[in-house]
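K.L.:
let's see this in three dimensions:
(chains A and B)
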Amino acid sequence: MNSNMLVVDFFMEIRKNVTRFLSLLLIVALGVAFYSGIRAAEPDMQLSADALYDDSRFMDIRIVSTLGFTSEDVLAVQDLKGVEAAEGFYSADVLCDGEEEQFVLHLMSGSETMNQCTVSEGRLPERPSECLIDELLAERAGFKVGDKLTVSSGTGDDIMDTLNVKEYTIVGIGGHPSYISRERGTSAVGDGSVDGFVILDPMAFSLTAYTEIDVLVDRADMLTSFSSEYEDAVQVVADRIEEIQETRSTLRYDSVKETAEAELTKAETDLVAAEQELTDSRTRLEQAEAELAQAKAEIELKIQEVMSGHTTIAEQEAALAESTTKLAQAKAELDATMLDLSAKQQQLNVGKAQLDASRAELTDAYSEWTDQNNEIVSRWNMLEQAEAKLQEQRETLESKKAQLEELLGQQVSIHVEQAVYASSAEGVVSQSSTDGAAENPGNVEPTGDPGFATEIPQATPEPTEGPTSSPVESEPAPTPTEPVGTDDTQPPSQVDTAQLEQEIAQLESDIASRESELSAQRSQLEEATNALNSTKSQLDQLNAQLENEVALYNASVQELSLASAQLVLGEAEYNKQKATLDAGLQALNVAKQALENGQTTISDSQLQIAGAEQELLQGKQNYEAAVQESEQKLKDAREELNDKKREVAKMSVPKWYILDRSYTESCEGFRQDSERVGAIGTVFPLIFFIVAALVSLTTITRMVEEQRTQIGTMKALGFEKHVIAGKYICYAIAASLIGGVLGLVLGQLILPRVIINAYKILYTGIPKAITPLNFWYSISSLVVAVACTAVAAFFACYRELRAVPAELIRPVAPKNGRRVMLERVPLIWKHLNFSQKAAVRNMFRYKKRFFMTLFGIAGCMGLLLVGFGVRDSVMSVADKQFGELTDYTASLTLETTDLAPVRTLESALEQDERVENHLSVYSAALSAELENSEESVYLVVPENGEALSDYITLRNRRGGKSLKLEDDGVIISEKLSAILGVKAGDLITLVDNDNYHVEVKVSGITENYFQHYVYMSPAYYDTIYGGEPDYNTIYVKNSSLDEEEMQEFLTDCNEYEAVGSVTDIQNYIDSIHDMLKSMNMVVVVLIVSAGLLAFVVLYNLNNIAITERRRELASLKVLGFYDRDVTVYVLRENFMMVCIGILGGIVVGVILHQFVIRTVEVDMMMFGRSIYWQSYLFSILLTIVFAVAVNIIMHWKLKKIDMVESLKSVE
Amino acid sequence: MSAFVEVRDVTKVYHMGEVDIHAVDGMDFEIEQGEFVVVVGPSGAGKTTILNILGGMDSCTSGSVIIDETDISAFDEHQLAGYRRDDIGFVFQFYNLIGNLTALENVELALQICKDPLDAVEIMREVGLEERMDNFPAQLSGGEQQRVAIARALAKNPKLLLCDEPTGALDYQTGKSILKLLQDTCREKNKTVIVITHNQALTPMADRVIHVKNGRVSEMTVNRNPVSIESIEW
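P.N.:
Numbering: from 1, shown residues only, chains lettered A, B, ... in the order given. You can find the predicted model right below:
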């Protein structure tokens, strides 16, 4: 019955003051929710990642080796105990030219069974020509399914050494468990940072050895990645792999070395052959040149020859022409001669005919004469007697004749000859005329033959046959004195005839003279004889004439025949000459033809030679270029070969690197981030939890105090202590248990999800947030919450229960007013008005409440400050780094350091209106080391050390003193100095890609937030490395351009040959702003929780305060305080507490902020260390807003206070 | 000319669930300026209610209350508060001092809000507490506390000084001295003082005695020759 009544009382207690119960419940819920929720975020994050890893069967161990792996290696690993699966994978880093920029891609072979991709669009590659690309890359580069992707080798090696295919069709877009963050790691090619991965069919790789072996550990998926159980399980297998590695490595080493040596030998041979070839080709070229020269010389010669041929031919032609003319002349002459001859012949023939006619006439005349003579003879016979008389005279005549004979001796012989000749010639002529042999000189030729002479005698008889003709000549001989005699001895008589004739003539003249002298009778005879004689003399004369003519004729004939013969000869000669000439002409024509042909050939060959020369020239040029190139190549090849040789020589037994998931950048990053959340989780929720515990403690205490009388009454009635205390403890437990369960469920469902979702902005690969209730955090927070309130209730009751009932029934004496410390400072105190004094005293009167309020407000303020501060810190990376420190607006990475294209670019930049200024710098990725710390840094060497400050502000963060590049040291960025733990004056080691170590002195430390930099003056570079660096980057400071103009400018820059890639500083700012978005989430969470904290704390405490001071406030009202005045009276102290809380909160916030920033910060970045004044302002304002919100509610409560309360007696 | 305080047919009904309780049921009286008035009656007669109404701490259900020609029965909360702060001085049975303030400060607290305050230290001297001004209420005896309360009420220079059983928590002698203080104040400062008490013995010292019974004025007597409190014994 009693207990029943107590139960009723318990529930009545709750019903009577639901607000109190609920506020207790809520504060516990809040505390538990924050504590368990944020604490659970770390394991939940890890679970979410683990779920992804398990789903995608992400490798537990990755083995990499310097020499790659064979399938035997894979099998050997597979066979190890505890290995669920082992698979070989290929991977390679390549370049891909996008529209604007060049991307560095990490190619990986895909697998069905391990490291499965999450395909968000399309499908996995099934053919070597297909690929699946990184979601992030697709987003950034705008690749879509169906696009083509062409890759190229980023090193000097042939891409085909690595890949079978270099153009791929994108068939899918997705994520890979290796890449859950936005980071894609680093690479040896391109700009050094991987922009995305590409999954290929294994067949797309032409590599002979697997790049890595990925191992799934048996049953490791049952364990949560990152947990120590998991790590232990993996370590066991890793140790087993370690055991076989030596054997496998040695095997691999031997085979690779063998192959490499064989390859080297081959390469050497090839190189030698190539070198030989080069030499050969040089020889060939030289030969060709020589040949060409020779050919040219030949052609020259030929041309000369042809020239001389031309001359010769011309000469010959001239000669021939001359000959032809001559010949023609000769011919004409011949023809003329012929004509002449024929005319002569004609003439001769006419002459002959005349002669013949004359002879016939003469013969007739002779016969007439003979007749007459006969008459005369007869007459003479008559006269002979007369003659006898004349004998005497004839004697004288005889003497005279002797005289004459002597005189004409010579003449006679000639006459004889003539006579002989004439007779023979007569025969010939007659013969020839009858035969017509005149035209046939050939027949004439044998005239010189003795036969001819013999013919003559033959012919001689003929005239005897025809005495008509021969007697013409002989007739005169047989002058009437010796006509018979002449007939008998005609030939000799003929000789004598002339003599005779002359004698006759002499005689005749004598006779005539005698005749004249003698007889008159005889005169007639004489006359007749005279007439006859004159006729006869006429005849003889005629005959002589004829004979002359004949002789002439004969001579002419003779001459003619001679001429004829000559003509024939000449003709023959002519013909011969003509033949020769013709032959000559022929020959000349042939020669001419030949010459012409030759000329054509020459022109042809000249053309050919010209062509050949051109070709040769070009060939030579090409060759020179080729030679230069191939020489370079050969040199390179030789160097490479030497390198390889050295490499092979240096090649040591490969080492297997057995890497677990912590070597996967994003995995480790995520783990670290989750631990950071865990770290934050240990601090923040604790504040909440403590506040919640304190608030619930106060509430419970207050409640117990309020019910002091009731407790006294109960006690007086005889209830046992535990029964009485039980009510309050149960009350506390009920409220905290319900609140706690509510809190842990809601907290663990919502908070980790919010946090994971915020982190999903950075870790895009995490598919879903897994937020199970975490047993440990649930139970621990619940137990602590319940215990806190229960213990608080117990102690509150315990104190009351100790007292005797009588004491309890009496009202508790009001707390005494006390002077506070502040009153001892009259300077302040005197200036406080009365209500302020009251407020101050009030504050200190209820110390518990004061500190609790302070705690709540400071917590609220601190949380807000951390929230805003974290945002500021990230923002300051953008604002300070890119607003204050980095003053250039774009950087151009040069593809080449060749002078010409760079000069072109520089002068273009100088003229570009959009460019304010520009500076060449050398920028290289190095590693900075000191003892065990190592960081990737950028070495920046400006061409002009003085000008650097226009582009990058170098200054101390504290004090802002600007730094100058010294010639004996480097300036390093702040975060780097923090990581390496160095200060100005210390030495650090820089290691470049070739593993070349140099030690440099740190001369200054500059404020820097993003990435690590080492700034070096060119002079110091010279000291350290020797020489001038290759300035490979240009910092550009643009005049203010809007986004579009800037894009245009960058695109223009990319057009230049020298420019490899362009970087817009705005891109960095944008990406940091992206990061801020995730930070905003955190800030919102913090603001909301801070608000809740402030509200709950203030509400609870004010509530208690008002209840406690109800009478006092009522009295004030009676005194005439308006409601507003009453509120102000109460709030003034609240406000003061808020103010003090805020001050405390700033301290808490700044400390927490530093802690959070250092926890959250990644190595690459330094977040801002300071909080902006705006954030202080916002935090303060928000805290005040929360306080005011609570106080407005309080105002309503105050208004409700009845003045009649003041009249009541003290309870 | 009407009286300084006129209470005309004032009723006050409290609705307690389904029952209407007529705490004041048609009360009529008037008080002149400078009078020392004692309201007497048994517990529950409605004397505290009428005091609350007079003090502007409560409003009447019907009727009118005219104080110095102002009808306060029609006042809203805010006007009432203004009326309280300017015209009324209130002395509680349990002093109701602000424990966190010294005696002087408690007086000053009242002075903060009123238009025409008197000097706090002067008042403290007048009430005989110049030695204890800087003490906290907890350090003072009940009578001293009540003196502070009276000082606080007087310092406001109110038109009306209302005292609810000012001696109720005090011993005889102290009570007497408090009443003496009140009477002297009335006489010297010409203040209208209304004292509510259940102690019939105090009636001789009043200028006007109002007897209240069952929410009505059962009898109102004007005492032409009030005696000093010293001469009264009870």
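
K.L.:
for the stretch 451-600 of chain A, which residue gets nearest to chain B?
P.N.:
Proximity of the stretch 451-600 of chain A to chain B (C-beta to the nearest C-beta) peaks at A:Thr600, 131.9 Å away. Placement of C-beta: from N, CA and C, glycine included.

K.L.:
after the helix or strand encompassing that residue, which helix or strand is next? Please name it.
P.N.:
Mapping A:Thr600 onto the secondary structure by DSSP states H and E places it in helix A:521-650. Counting by DSSP H and E, the element after helix A:521-650 in chain order, helix or strand, is strand A:656-660.

K.L.:
buried set for that following strand?
P.N.:
A:Trp656, A:Ile658, A:Leu659, A:Asp660 (16 or more other C-beta atoms under 10 Å in any protein chain shown).

K.L.:
just stretch A:353-362 next, same as before
P.N.:
Within stretch A:353-362, the residues that count as buried by 16+ other C-beta under 10 Å are A:Gln354, A:Leu355, A:Asp356, A:Ser358, A:Arg359, A:Leu362.

K.L.:
what pLDDT does the model give B:Val209?
P.N.:
pLDDT recorded at B:Val209 is 90.

K.L.:
relative to A:Arg182, how far out is the residue of the stretch 851-1000 of chain A found nearest chain B?
P.N.:
Closest residue of the stretch 851-1000 of chain A to chain B, C-beta to the nearest C-beta: A:Thr853 (16.4 Å). A:Thr853 sits at a distance of 43 Å from A:Arg182 (criterion: C-beta to C-beta, to the nearest Å).

K.L.:
who has more neighbours, those two?
P.N.:
The residue with more neighbours, out of A:Thr853 and A:Arg182, is A:Thr853; 29 against 17, by other C-beta atoms under 10 Å in any protein chain shown.

K.L.:
what does chain B put close to chain A?
P.N.:
B:48, B:52, B:55, B:57-58, B:77-78, B:81-86, B:88, B:90, B:92-94, B:96, B:98-102, B:105, B:108-110, B:112-114, B:136-139, B:152, B:156, B:164 (C-beta under 8 Å from any C-beta of the partner chain).

K.L.:
just the ones of the residues you listed in helices?
P.N.:
Of the residues of chain B next to chain A, the ones assigned to helices by DSSP state H are B:48, B:52, B:77-78, B:81-86, B:105, B:108-110, B:112-113, B:152.

K.L.:
give me the buried subset of those residues.
P.N.:
Buried among these (16+ other C-beta under 10 Å): B:48, B:52, B:81-86, B:105, B:108-110, B:112-113, B:152.

K.L.:
among those, which one sits closest to chain A?
P.N.:
B:Arg85 (2.4 Å).

K.L.:
quick one, what contacts that closest one?
P.N.:
A:Leu1119, A:Gly1120, A:Phe1121, A:Tyr1122, B:Ile113, B:Cys114, B:Lys156 (C-beta atoms under 8 Å, 6 or more residues apart in numbering or on different chains).

K.L.:
output these as a markdown table; include the columns pLDDT and distance to A:Ser509.
P.N.:
Formatted as a markdown table, the contacts of B:Arg85 follow (pLDDT from 0 to 100; distance: C-beta to C-beta, whole Å):
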| residue | pLDDT | distance to A:Ser509 |
| --- | --- | --- |
| A:Leu1119 | 81 | 228 |
| A:Gly1120 | 80 | 226 |
| A:Phe1121 | 82 | 222 |
| A:Tyr1122 | 83 | 219 |
| B:Ile113 | 76 | 223 |
| B:Cys114 | 75 | 226 |
| B:Lys156 | 83 | 230 |
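
K.L.:
quick check: the farthest pair among those residues?
P.N.:
Using C-beta to C-beta, the two most remote members of these are A:Tyr1122 and B:Lys156, lying 14.6 Å apart.

K.L.:
these two - which one has more neighbours?
P.N.:
Shown here are A:Tyr1122 and B:Lys156; by other C-beta under 10 Å, B:Lys156 has more neighbours (28 against 17).

K.L.:
state which helix of the chain is the longest.
P.N.:
All of this is about chain A. The single longest helix within chain A, with elements called by DSSP H, is helix A:228-435.

K.L.:
if you could check chain B rather than the one you did, that'd help
P.N.:
helix B:172-189.

K.L.:
okay, buried residues for the very next helix or strand once past that helix please.
P.N.:
Counting by DSSP H and E, the next helix or strand C-terminal to helix B:172-189 is strand B:192-197. Under the neighbour-count criterion of 16+ other C-beta under 10 Å, strand B:192-197 has B:Thr192, B:Val193, B:Ile194, B:Val195, B:Ile196, B:Thr197 buried.

K.L.:
would you check how far apart the closest residue to chain B within the stretch 651-800 of chain A and A:Ala796 are?
P.N.:
For the stretch 651-800 of chain A, the residue closest to chain B is A:Glu705, as judged by C-beta to the nearest C-beta, at 16.1 Å. Separation of A:Glu705 from A:Ala796 (C-beta to C-beta): 7 Å.

K.L.:
what about the two, which has more around it?
P.N.:
A count of neighbours by other C-beta under 10 Å puts A:Ala796 above the other of A:Glu705 and A:Ala796, at 24 against 16.

K.L.:
the more buried one belongs to a strand, doesn't it?
P.N.:
No - applying DSSP: H, G, I helix; E, B strand; the rest coil, one finds A:Ala796 to be helix, outside a strand.

K.L.:
right, and it touches A:Tyr731 too?
P.N.:
No - with contact defined as C-beta atoms under 8 Å, A:Ala796 does not count as touching A:Tyr731 (10.8 Å).

K.L.:
which residues do these two both contact?
P.N.:
By C-beta under 8 Å, 6+ apart, the residues touching both A:Ala796 and A:Tyr731 are A:Ile700, A:Met703.

K.L.:
leaving out sequence neighbours, find the closest residue to the residue of the stretch 851-1000 of chain A closest to chain B.
P.N.:
A:Met1137 (4.4 Å; C-beta to C-beta, 6 or more residues apart in numbering or on different chains).

K.L.:
pull the number of nearby residues for the one you found.
P.N.:
Using other C-beta under 10 Å, A:Met1137 has 27 neighbouring residues.

K.L.:
next one: phi and psi at the residue of chain A found nearest chain B?
P.N.:
Taking C-beta to the nearest C-beta, chain B has its nearest neighbour within chain A at A:Gly1120, 2.4 Å off. Torsion angles at A:Gly1120 (phi, psi; degrees, to the nearest 10) stand at phi 100, psi 10.

K.L.:
give the contact list for it.
P.N.:
B:Ala81, B:Gly82, B:Tyr83, B:Arg84, B:Arg85, B:Asp86, B:Ile88, B:Ala110, B:Ile113, B:Cys114, B:Lys156.
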